[in-house]
Each structure stands twice: as structure tokens, then as C-alpha cells.
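Undergrad: Mind looking at a prediction? Sequence and model below.
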Amino acid sequence: MKLKKYCLLIFIISFCADFSFAQEGVPIYSDYLLDNYYLIHPSMAGVANCAKVRLTARQQWFGVDNAPSLQTLSVNGRLGDSPVALGGILFNDENGFHSTQGGYATFAYHLMFSRNEIDLNMLSFGLSAGFLQYKLDETTFLGPGDFDALIAGIEQSATNFNIDFGFSYQFIDFYVHFTAKNILKNEGINFNDQGFEFDNLRTYLLSTGYVFSKFGSPWSYEPSIMYMYREATEESSIDINAKVYREMDFGKIWGGLSYRRSIDGAEFLDGSGISSQKLQYFTPFIGVDYNQFMFAYTYSYQANTINFNQGGFHQITLGYNFNCRREKYECNCPAVN
């Protein structure tokens, strides 16, 4: 009975955790909206006039044992005044009895097409390479003296290597990013020879947006969307985002709302037949830039009829900017200036 409860918990967490498969690397949530596009798009490394450090901590379903949690640490910046930029990401993703730890190193190159330093017209390329370690903790699956041929009763681990590649184009107040993640086709992770293997983890991300502002106004507005597609399972989802900024004497305050909806539905038994529902998340967020520091808070609510838990998903982001250069471009481009 104890084993059955553990298996049920693993299934529910794996189904409900916002597409965050344990083997895919850094899960894709809404943290990219918190001045952290580099976390999902390698071409955004070093795009800003400052080098950036970002630390995030995300916790889902407070009070639920083995609930998903994620911590990331990223840093990126230009090499002097050259078009070359470097970056790095460390992360720890725990989901039930599965966990993934890993790190990425990024090389990015930024091509300027502007005739001067006033108009922003830039094409960027980025390549990230990462090592990932997957773990399955089976030490509590069996009671004393119990035996199961499919359960080793130890913490098993495996590692692999993969790369992400993408580009970004930014023209004055407009931007678009595209990234292909997990390009390599690795040998599948197969704990206990149970046949659960994933060798195609390719995911494609497309983001675009525009920043509006009235001349002389301290307010600016940024609508954006992100489309995500997973090749192996043919799943896709879309984020619709709205963000607002307010310039202050000490820096900037900002906030917004993101709505994520899966395009593919999941079927389930409702007692009288088979029904389906599509994953939906509402994510309000708020942040403040104070001199060279940044703080942001995010809350995600899953708006579905069938939920594992009614609690939300909380995330805190801390940031620090350093090696800042003067702002070059006359544009509404908060990711650059």
C-alpha cells in the first residue's frame, strides 16, 4: 500500500508540474519575464549594457511532501566593448523522487546594423552547452524487509550532455527571440531497465514583443507572447503577457500578468465518460529595480477543474547588475538599456 501511494504521488506530480519533465534541463516557467530572458534564450547573454546576476527560487504546493521546487543561478555579460558575450547557468530541479542538477556555459555574439549608437538594430546568436545529472531516489520506496524486483532501493543517477542554440533580433522597440533546446539526441535515461526512455528532448521557443511609451512619460507598456513546442510529444503551449514599467528617481518599478494555456488537452475519466482539459496558468508578478539591485516576486495559479492542490506556485528572484556602461540607444528597450 505504501508503494502504491508513492507511485500515485509520482504520477500526479509528473502530470501537473507545468510541463517540467525531469530530463529536459531548466524547466520553462514565467521567470523569463523577470528581466531574465537569458534563462531560456542563450542569445540574450550580454545583450544589456550591464552584466547581470540572477538568483531564483521556486516552490510549488506548500505543505505537500516532495512537491516540485527549482533553484537557478545565472550570470552573463559582455567581454569589454567587444561583440562577444559569455554566460553561465547552474540549477537544481526537484520533482517528487526525481531530481536534476546541471550547468550550462554560453557563448553569444552580437551584430550591430545601426549606423550610429542611437538607433537599436541588433542581431544576436547564442550557443549553450550543458551537463545534466539525473537522479532517482528509491531509498524510501520499500519498507524494512520488503522486496520488489523493479525497485533497487538506492539513489540511482545518470548524466548526459546537450546544447541549446538560438538567435535574437532587436529593432528599436521591437524584439523577437527563437531558441532550439536540447538539440542532441541522447541515449535515453532508463532506470531499473523499466523501459521508460526519453531520447528526444528537443523544445522550440519563440518569443516576440513590443514596448510602447508616450514621449516624456515615465510609463511604458510591453505586450508579448511566447510559443513553446515539444517535438517528441507534439505538445505546445502559448504565453500571453502584459507588462508595465514606471520610471522612478531610484530606478524602476514594474509588474504584469502572464497567461499560459496548453494547446493540447489531457483526457481523464469524470465518472460518466472521458473528458479533457487544457492546462491554464495565471501568473501575476511584480518587481523593483533599485540602483544596481533587482527584486521580483511571482505567483502562479493553476485554473483547472482537476488539480492536485489548490495552492499556488511561489517564486522569488534576486538580481544584481555590475560593469555597467552608459545607455547607448534611444529606445524603449528595457532588456538592453
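TA: Sure thing, it's come through. Numbers count the residues shown, from 1 in each chain.
Undergrad: Quick check: bridge partners of S207?
TA: Beta-bridge partners for S207, by DSSP bridges, are H177, M226.
Undergrad: Please name the residues that touch it.
TA: S207 makes contacts with Y32, Y37, I40, H41, Y175, V176, H177, F178, S224, I225, M226, Y227, as judged by C-beta atoms under 8 Å, 6 or more residues apart in numbering. All C-beta spots, glycine's among them, are computed from the backbone N, C-alpha and C.
Undergrad: What of G87?
TA: 38, 42, 45-46, 74-77, 104-106, 108, 128.
Undergrad: again, only this time at 10 Å
TA: Applying C-beta atoms under 10 Å, 6 or more residues apart in numbering to G87 gives the contacts 38-39, 42, 44-46, 51-52, 74-77, 104-108, 126, 128.
Undergrad: So for it, what pLDDT did the model give?
TA: pLDDT, G87: 98.
Undergrad: does it sit in a helix or strand, and which one?
TA: Assigned by DSSP states H and E, G87 falls within strand 84-95.
Undergrad: and that strand, which residues are buried?
TA: Neighbour counts over strand 84-95 (16 or more other C-beta atoms under 10 Å) mark A85, L86, G87, G88, I89, L90, F91, D93, E94, N95 as buried.
Undergrad: Give me the next element, helix or strand, following it.
TA: Per DSSP H and E, the first helix or strand lying C-terminal to strand 84-95 is strand 98-112.
Undergrad: Name the strands paired with that next one and say parallel or antiparallel.
TA: By DSSP bridges, strand 98-112 pairs with strand 84-95 (antiparallel), strand 121-137 (antiparallel).
Undergrad: Can you say which of those is nearest to N323?
TA: strand 84-95 (11.6 Å; C-beta to C-beta).
Undergrad: How far does the closest one sit from its chain's centre?
TA: Here strand 84-95 shows a centroid-to-chain-centroid distance of 10 Å under the convention C-alpha atoms, centre = their mean, to the nearest Å.
Undergrad: Of the contacts of S207, just say which sits nearest to T317.
TA: Distances from T317 to these, taken by C-beta to C-beta, are shortest for Y32, at 10.6 Å.
Undergrad: Separate out the buried members of the contacts of S207.
TA: Among these, those classed as buried by 16+ other C-beta under 10 Å are Y32, Y37, I40, H41, Y175, H177, F178, S224, M226.
Undergrad: got a pLDDT number for the residue nearest to the first one when sequence neighbours are not counted?
TA: So the one you mean is Y32. Spatial nearest neighbour of Y32, excluding adjacent residues (C-beta to C-beta, 6 or more residues apart in numbering): I40 at 4.9 Å. At I40, the pLDDT value in this model is 96.
Undergrad: Contacts only, for the residue nearest to N36 when sequence neighbours are not counted.
TA: Closest residue to N36 apart from its sequence neighbours, by C-beta to C-beta, 6+ apart: R54 at 5.0 Å. By C-beta under 10 Å, 6+ apart, R54 lies in contact with 31, 34-36, 38-39, 72-76, 89, 294, 296, 317-321.
Undergrad: at 7 Å what do you get?
TA: N36, S74, T317, G319 (C-beta atoms under 7 Å, 6 or more residues apart in numbering).
Undergrad: Using TSV, lay out the residues you listed together with pLDDT, distance to L201 and neighbour count.
TA: Output for these, formatted as TSV (pLDDT from 0 to 100; distance: C-beta to C-beta, whole Å; neighbours: other C-beta atoms under 10 Å):
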residue	pLDDT	distance to L201	neighbour count
N36	94	22	23
S74	97	20	23
T317	97	25	23
G319	97	28	20
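Undergrad: Inside strands: which ones of those?
TA: S74, T317, G319 (DSSP state E).
Undergrad: quick one: which of the residues you listed is nearest to Y290?
TA: Nearest member of these to Y290, counting by C-beta to C-beta, is G319, at 10.3 Å.
Undergrad: residue contacts, that closest one?
TA: Here G319 is in contact with D35, K52, V53, R54, F293, M294 (C-beta under 7 Å, 6+ apart).
Undergrad: gap between the fifth one and L184?
TA: Using C-beta to C-beta, to the nearest Å, one obtains 37 Å as the distance from F293 to L184.
Undergrad: if I pick T317, what's in contact with it?
TA: D31, L34, N36, R54, T56, A296.
Undergrad: Counting only strands, which of those make the cut?
TA: Within the contacts of T317, residues falling in strands by DSSP E are R54, T56, A296.
Undergrad: Now that we're looking at the first one, what pLDDT does it have?
TA: So that's R54. 97.
Undergrad: Where does pLDDT dip in this protein?
TA: For the chain, the stretches with pLDDT under 70 are 1-23, 62-63, 139-154, 187-198, 265-276, 304-311.
Undergrad: what are the pairing partners of the helix or strand containing W254, and which direction each?
TA: Assigned by DSSP H and E, W254 falls within strand 251-262. Strands adjacent to strand 251-262 in the sheet, as given by DSSP bridges, are strand 235-247 (antiparallel), strand 280-290 (antiparallel).
Undergrad: Against T298, how distant is the residue lying closest to Y210 once chain neighbours are set aside?
TA: The shortest distance from Y210 to any non-neighbouring residue, by C-beta to C-beta, 6+ apart, is to F174 (5.1 Å). Noted for F174: a distance of 25 Å to T298, by C-beta to C-beta.
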